[in-house]
Each structure stands twice: as C-alpha cells, then as structure tokens.
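J.: Need coordinates for the following:
(chains A and B)
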Amino acid sequence: MAAHIVVTRFGMVRLSSHDAEQDAIRDREQVMTSPAGGSVEPGGPAEPPNGRASGGRGHRQGDILRLRGDVPGRVRWIGAALGVVSILGLWILASTVWSGEGFSVPTITATWNALVEMWRDGELWPDFVASSQRVVIGYSISLLIGVSLGLLIGSFASINAFFEPQVGFLRYIPATALVPLLIIWLGIDEAPKIALVVLGTVFYNILMVADVARAVPNELIKASYTLGARRWTVMRRVIFPHSWPGIVDVARINLAAAWLMLVVAELLAAQEGLAFRIIRAQRFRRIDRMFALLLVFGILGIVSDMALRMLRNRTARWARDD
Amino acid sequence: MSSTAATAATQPAPRLTVRGLVKDFTGRRGATVRAIDHVDLDVGIGEFVCLIGASGCGKSTLLNIVGGLESATDGVVAVDGETVVGPGPDRGMVFQAYSLYPWKTVADNIAFGLELAGVARGERRERVDELLGIMELTAFADHLPKQLSGGMRQRVAIARALAPQPDLLLLDEPFGALDAITKRSMQEFIRTVWLRTGVTILMVTHDVPEAIYLSQRISVMTPRPGRIATTIEVPFGAVRGPTVKRDARFLDLVDEIEDLLQTRPEGAAT
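T.: Coordinates of the predicted model:
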C-alpha cells in the first residue's frame, strides 16, 4: 500500500542516519576499550558527562515527528493526501472485502448514486433546508446568549460569581436528557428541536466565551481607562474587539455540538430533515442512502468550518498567526 | 488642566501631591497586609521623578493609585490640587507590555484617547502626525502592533498616552521588558520627549542607573510595608548626555541607592 511505502521510506531515511550513528558508536567503543578496561582516561577525548550512546552530544531529533516542529509544505501535503487516501481505502476495503450479510457497506459508487437519486427525487434539498434552518436559528440564539453572557461573566467578577454555580451545574445535565420534557412542554414541532440545539450548546458557548474575555490583558483595560474610556466603552471598544476572533473560534468548535443536537431531535420526531431521512432509510434498509446522508453531514461540517475560519481571517487580520 | 493655583500659595504648587497614602490588601483569610505605609510624595510641574524599589515594594501599586486604577485605604492623592477619584486622560499611563490595541494600526492606537475625548477628525490627525514625528514612527503609521519591535511598541504606547496632553505621565517600568540595547536608546528617547514636551513624569523602575540617568529626583522605596526611605536629588542638569554615566558622582549614587535597596532584611533578594 502507498501508505506503507512512504512511511517505510521515511523510516529508511532515519535508518541511514542510524547507520552513521552505529558506526560512530563502534569507533568510539574501540577507542574506549583498547587501553585496557577503558573508563575515563585523563588524556582521552572529553566524554559527555552522562555518556550518550551516539556520535556527538545530545539526542538527535527526528525531522518528521518532532514535537511542535514545523515540517516542510511537501510533507504536509503528503500527509493530507495520505489521510484522504487511507480513509477512502478503508471504505473500499469495507465495501468489498469485509462487506457481508450482517455488515453491509455500500460502495463509493452506490453511495454516490443514492445521493443523486435523492436529489432527483427532490427530497434532499428540502431536508437540507429544514435541518439547516433548525441549526441556524437554534445556534444563533445560543450564540447570542453565549456571547453576551460570556463577555459579562469574563469581565465582571460579581456577574461571574452569580452565574458560575448555575452554569457549572446546568452544563452537566446532558441536554439530550431534556428531550422528553421538551416534548411535553413544547410539543413536537420546530420549537423543541430548536430548544434542544440551544440547550445543547449554550452552556459551552457561555463558558468558552467567558474564557476568551478573561484573556484580554489587564494592561489593555487599564490603559483604556487612563485614556478616558468608561466601563461601557471599554466593554464595547476594547473587550469585544479583542475577544472577537476567539468568539468566532468558539462558534466554530461548538457548531459540531449543534448538529449533534439536531440529529437527536430529528431522530425522535420529525417530518423532514437530514437525520429524519436517515431513520427513513433505515426502515427500508437503504444503507446506501444512509451513507449518502452521512456524507452530506460531513461536507456540511467542513464547509461551515471553512466559512467561519474565513470570517475570522477576514474580520481579524491582526489575530492571524502569519 | 487649568485649575488655578492650589489654596496654599506659599510655594509653586506641585503638580502631584500624595499625602499619608496607605494601601492595605486583605488576603483570603481576612489577614491584611500593608502594601503602602503613609507615603508622602510631591512632583513639581515639568519635573521628572523616579520611584525606585525592589519587586513587591508597592511602587506599582502607588502608581496605579495615582492613575486612579486602584483606590487607597487612606490618604490623599491630588493633581493640581484636585483629588484623584478615578482614572482619566489627564494622567496618561504606560505599562511594561501588552497595552497596545492589537487590532488598531499605530496611528489609530495613538488617536484612541483623542477619539474618546471627542476631538474632531482633522485635529486628531494633526496631533497624531505630530506625535508620529516626535516618536520617529511616521513610516509605521499603518502598521499593526504585531509588526513592530518591542521598543517601537513602547514608543507607540508613550505617544498614545501623550496624545490627550496629560498633566502627568505615569510610566510603570516601561523599558523593563526590553533588551539592554533597545533599553538604552529608549532612555535617550524618553529624555528627548520630556525635554521637548515639558510633560511631568513619574516613573517606576527597579533599574538604579536608569533612574539616575533619567530623573531629577529619586524616591527610594523599601518593602513590607512600602515606605519611601529617602528622596535623592540627582546632581545633574536637565540636559545631560550618556557621558554622565561615567561621572564619579553618578557611580557613587548608584552605590548609595543600591545599598539602600539592599540593607533592608527582606528587600535584599532580587
């Protein structure tokens, strides 16, 4: 397999340098052992105090797997390509060799065909719209609450004291455990689904935005005061802009949880939606359709992630690490 | 700014008056620690005064109280006879680091105080341009702070504090995070700024030669509780070059102050 070849090639590169090391060790051992017994002798070459078994002092560091190390662009591209190839390879293996009666996996082509079929049937688009709408509405509410409360909690110790125990407690209640309650209170229409998206993400948003707001340097706030800014001006013109890129990052991270909540909501009660369609497909054992829908979720995630990343880079050029 | 002479007209009224200043901090278990113990301090109009002491002697706390960022437990701080109750643009402040708005350009950073004061755009621009000139930053007006060196960032911070034309410039170890070479050029630079603008400066530092080279008067603080041990008049004129650093009186003064900072049992550790 391609993966193995490249990996071994990297290994071989390391090996060749290993050989050099081995030679060096051998040479040294000869020097050491020749004058009988061979511990440290006064005239000999200075030995590292904690004599390492290699040529030269210190441990040689690898190039590819160096902690926090940068790798050349070429290596990054190869890595990414390998990642894609390996998952596709796994899929192909699963759909051909491993696929059987109980464990049935559709081929890539079958999945693609199912996707095209659903699109032609005209159900994919309305499902997509229905699901996206729930996430967009629910997650917007969650962000609105999360950002405003988070900024306040991160900026004022008194507000923090008020909310800390509540949020700390509430966030450990799994939002999905609220589903029966939400159905009793809000029925089975859109409201409980949106509520679930809100409840499943809002506490994380609050806490993480609060952390972002806490990261505003004290000096920045102090300097603003001595420039004549008042409390509200500091909030609006210093804490908010400084927190903005962090807020977008928080939104990006927790968006995944919003989709998770949406799926739970649609699995329980829905007339349309991507996750509802998965349940439907299950009833007819259309595993190809289920795979196609999973694919849609994945692509949706990547696209929204990229969009938010772009928003961050466009609106906060100063926070880009280039 | 134009608060007419303080009531007692015996001497020229100082710009800054600190009288009987006390600051206690209450720990978690209710124990109070006295950080500043009955400090008196005067800074005259146009004077350059340094407050020197080891870390933890309360000098930064004192500066924060003068800036209005912290409140005193007891005592009075007044600028031109008016009691300080909170922060304001009449007392510009410069910190050691991290105080520029990273999303604003150099010019916008400097203009921020003027913007808050409601200064019209045209006038703002003029003032910023002037400051950019004094700070030798004209070529960097449109740069973001992250594109600047440490010394340049501090120059922007100083320009920004000077923009609203403060009565008093408070510097909290402004060169403490800079390398030795940059630090030296920044010292020259702050002297030039002081001579050119005539602004009154109170600066906190723990660098003895720096304090002597820059200021006209040095208040030496000793810790636990923070007190002003002595005030020393620096025997050099307002205009002085780096050669004074080799003057015998300069070197004697360094020894004298360093002894003062070290004789105290606890303050000795650096």
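J.: What's the nearest residue in the stretch 101-250 of chain B when you look at chain A?
T.: Chain A sits closest to B:Gly113 of the stretch 101-250 of chain B, with a gap of 3.8 Å, by Cβ to the nearest Cβ. No exception for glycine: its C-beta is placed from N, CA and C like everyone else's.
J.: Which helix or which strand is home to that residue?
T.: B:Gly113 belongs to helix B:106-116 when assigned by DSSP states H and E.
J.: for that helix, what is the average pLDDT?
T.: Mean per-residue pLDDT for helix B:106-116: 95.
J.: tell me the SS of B:Asp142?
T.: Of the three states, B:Asp142 takes coil under DSSP: H, G, I helix; E, B strand; the rest coil.
J.: My guess is it contacts B:Val106. True?
T.: Yes - using Cβ atoms under 8 Å, B:Asp142 is in contact with B:Val106, at 7.1 Å.
J.: and the two? which has more neighbours close in?
T.: B:Val106 (28 against 10; other Cβ atoms under 10 Å in any protein chain shown).
J.: which outside residues touch stretch A:213-221?
T.: Contact partners of stretch A:213-221, identified using Cβ atoms under 8 Å, 6 or more residues apart in numbering or on different chains, comprise A:150-151, A:153-155, A:234, A:238-239, A:242-243, A:246, B:95-101.
J.: for the record, mean pLDDT for it?
T.: 95.
J.: quick one: buried residues of it?
T.: Buried residues in stretch A:213-221, counted by 16 or more other Cβ atoms under 10 Å in any protein chain shown: A:213, A:216, A:219-221.
J.: Between which two of those residues is the distance greatest?
T.: A:Ala213 and A:Glu219 (15.5 Å; Cβ to Cβ).
J.: Got the confidence number for the closest residue in space to B:Met221 that isn't next to it in sequence?
T.: Of all residues not flanking B:Met221 in the chain, B:Gly53 sits nearest, at 3.4 Å (Cβ to Cβ, 6 or more residues apart in numbering or on different chains). Model confidence at B:Gly53, given as pLDDT, is 89.
J.: B:Gly53 and B:Lys59 touch, don't they?
T.: Yes - look at B:Gly53 against B:Lys59 with Cβ under 8 Å: they come within range, at 4.7 Å.
J.: Those two: who's more crowded?
T.: Neighbour count, other Cβ under 10 Å: between B:Gly53 and B:Lys59, B:Lys59 has more, with 29 against 26.
J.: Up against chain A, what does chain B have?
T.: Taking Cβ under 8 Å from any Cβ of the partner chain as the test, the list of chain B residues beside chain A reads B:64, B:67-69, B:86-89, B:91-103, B:112-113, B:116-117, B:144-146, B:157, B:160-161, B:164, B:170.
J.: do that again at 7 Å, thanks
T.: B:67, B:69, B:87-89, B:91-93, B:95, B:97-99, B:101-103, B:112-113, B:116-117, B:144, B:146, B:160, B:164 (Cβ under 7 Å from any Cβ of the partner chain).
J.: Give me the buried subset of those residues.
T.: Buried among these by 16+ other Cβ under 10 Å: B:67, B:69, B:87-89, B:91-93, B:95, B:97-99, B:101-103, B:112-113, B:116, B:144, B:160, B:164.
J.: Which of the residues you listed fall within helices?
T.: Here DSSP state H is the test, and those give B:67, B:112-113, B:116, B:160 as lying in helices.
J.: Just give the closest residue to the spatially most central residue of chain A, not the sequence neighbours.
T.: Taking Cα atoms, centre = their mean, the centroid of chain A lies closest to A:Ile253, which sits 6.6 Å from it. Of all residues not flanking A:Ile253 in the chain, A:Met208 sits nearest, at 7.3 Å (Cβ to Cβ, 6+ apart).
J.: Which helix or which strand is home to the one you found?
T.: helix A:190-214.
J.: just for the chain, where's the confidence low?
T.: Because you didn't say which chain, this covers chain A. Regions of chain A meeting the criterion pLDDT under 70 cover residues A:1-54, A:322.
J.: Actually, chain B is the one I wanted.
T.: B:1-12, B:263-270.
J.: In the stretch 1-150 of chain A, which residue sits closest to chain B?
T.: Counting by Cβ to the nearest Cβ, the stretch 1-150 of chain A gets nearest chain B through A:Val147, at 17.3 Å.
J.: ok, that residue touching A:Ala210?
T.: No - the pair A:Val147 / A:Ala210 is not scored as a contact, 10.0 Å apart, by Cβ atoms under 7 Å.
J.: Look at those two and report which has more neighbours.
T.: A:Ala210 (25 against 21).
J.: Distance-wise, check the more buried one relative to A:Ser155.
T.: Distance from A:Ala210 to A:Ser155, counting by Cβ to Cβ, to the nearest Å: 9 Å.
J.: and what of B:Leu137?
T.: In terms of Cβ to Cβ, B:Leu137 sits 31 Å off from A:Ser155.
J.: got it, and A:Gly138?
T.: Taken as Cβ to Cβ, the span from A:Gly138 to A:Ser155 is 26 Å.
J.: how much space between the residue nearest to B:Met221 and chain A?
T.: Distance, B:Gly53 to chain A, by Cβ to the nearest Cβ, to the nearest Å: 20 Å.
J.: Could you break the chain into its assigned domains?
T.: I'll assume chain A. A:2-69, A:72-105, A:109-319 (automatic domain parsing).
J.: Correction: the question concerned chain B.
T.: Taken from automatic domain parsing, chain B resolves into B:14-90+B:168-178+B:185-264, B:99-165.
J.: quick one: the helices in chain B?
T.: Going by DSSP H, chain B shows helices at B:59-67, B:106-116, B:121-134, B:150-162, B:180-197, B:208-214, B:248-263.
J.: that's a helix at A:Ser104, yeah?
T.: No - checked against three-state DSSP, A:Ser104 lies outside a helix; its state is coil.
J.: Fine by me, thanks again.
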